[in-house]
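Undergrad: sequence and predicted structure are below.
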Amino acid sequence: MKLTLEEPKILVDSVGVISELVNDVRFSVDEDKISLIAMDPANVAMIIFNLLSSSFTEYQVDKPVNIAINLDSLKAILRRTKPSDVLTITLDEEKNKLQIQLKSDSTRTFNLALIDVEEKEQKIPDLQFPLKVETTSYKFDEAIQDMDIIADSVALVADKDNFTIEATSNLNDAKTEIFGDEETKITATGTEQIKAKYSIEYLKKIIKASKLSHKVTLQFNKDYPLRADYIVKDKLSFSVVLAPRVSND
């Protein structure tokens, strides 16, 4: 296995976002992509990640392999990348190590030990949503950060015309309204308003994926998981399925 990136930022940013939710993970590498399906330790959020072979300048995978690594250790190495570096990843199966080489005006080589990860195989849930909101990741990012001032949960409210993010505490409340326009597209199968609550703590971690894509697609329903998708065509997809905060009303 030999994988080369002339612009390592896509991997650096991806690992940084994934590590917000999980730490010890198993990546699957095949001839088409590097992929990951993982649950966070509290079983609240599922990550579905794909980094396509077309993101790489060189992508040699003779057979499918699983690579289990500690993301904190990997992230520490990736932080050492410079804008001019070419990043090459190879697998030493005999030594059970992942070799990461950073090459520009010097060549730096790191050997990262692979680990044993005991986890059951995760399956992506088959979820059906009555509503889809496509908007800029910047708008959603700002709205979540605004609501974080008010409460520890946020309500996503939408109908076929408008999308609102709101938060309420004992004394205060706030909301951000995002209207359908060229940047925001709302698709609904019905006419009724849909409202769902989710954890601010988790949403603050998820929105860090805005560095991966300038667009986000949100799908949700009352007392039902949220699915957030950040996609860069022909390069990567980062998705999270987040459990709801079930409302009592």
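TA: Yep, it's here. Just so it is clear, the model here is predicted, and its values are computed rather than measured. Residues are numbered from 1 along each chain as shown.

Undergrad: A strand includes G16, no?
TA: No: G16 is assigned helix when assessed by DSSP: H, G, I helix; E, B strand; the rest coil, not a strand.

Undergrad: number of nearby residues for it?
TA: Neighbour count of G16, defined by other C-beta atoms under 10 Å: 17. Bear in mind the C-beta positions are built from the backbone N, C-alpha and C, glycine included.

Undergrad: cool, and P41?
TA: Neighbours around P41, by other C-beta under 10 Å: 11.

Undergrad: quick check: closest non-adjacent residue to it.
TA: V22 (7.5 Å; C-beta to C-beta, 6 or more residues apart in numbering).

Undergrad: L71 is in contact with the one you found, correct?
TA: Yes: V22 lies in contact with L71 (C-beta atoms under 8 Å); the separation is 6.9 Å.

Undergrad: shouldn't V154 be within a strand?
TA: Yes: under three-state DSSP, V154 sits within a strand.

Undergrad: which ones are touching the nearest residue to it once chain neighbours are set aside?
TA: Distances taken as C-beta to C-beta, 6+ apart put M147 closest to V154, at 4.6 Å, once the chain neighbours are dropped. M147 is in contact with 154, 165-167, 174, 176, 200, counting by C-beta atoms under 8 Å, 6 or more residues apart in numbering.

Undergrad: ok, now I48?
TA: I48 neighbours (C-beta under 8 Å, 6+ apart): 36-37, 124, 237-241.

Undergrad: tell me the bridge partners for it.
TA: Beta-bridge pairing for I48 (DSSP bridges): I37, S239.

Undergrad: mind checking how far it is from F238?
TA: As judged by C-beta to C-beta, to the nearest Å, I48 and F238 stand 8 Å apart.

Undergrad: pLDDT score for the residue nearest to P41?
TA: Note for V22: predicted pLDDT of 95.

Undergrad: cool, I69 as well?
TA: So, for I69, pLDDT stands at 96.

Undergrad: what strand or helix carries the residue located most distally from the centre of the chain?
TA: Distance from the C-alpha centroid of the chain peaks at L171, with 33.0 Å (C-alpha atoms, centre = their mean). Using DSSP states H and E, L171 sits within no helix or strand.

Undergrad: helix, strand, or coil at I207?
TA: helix.

Undergrad: give the burial count for the residue nearest to it when sequence neighbours are not counted, as a bare number.
TA: Residue nearest to I207 in three dimensions, not counting chain neighbours: D141, with 4.5 Å by C-beta to C-beta, 6+ apart. A count of neighbours around D141, defined by other C-beta under 10 Å, yields 19.

Undergrad: please apply the same query to V133.
TA: With other C-beta under 10 Å as criterion, V133 counts 22.
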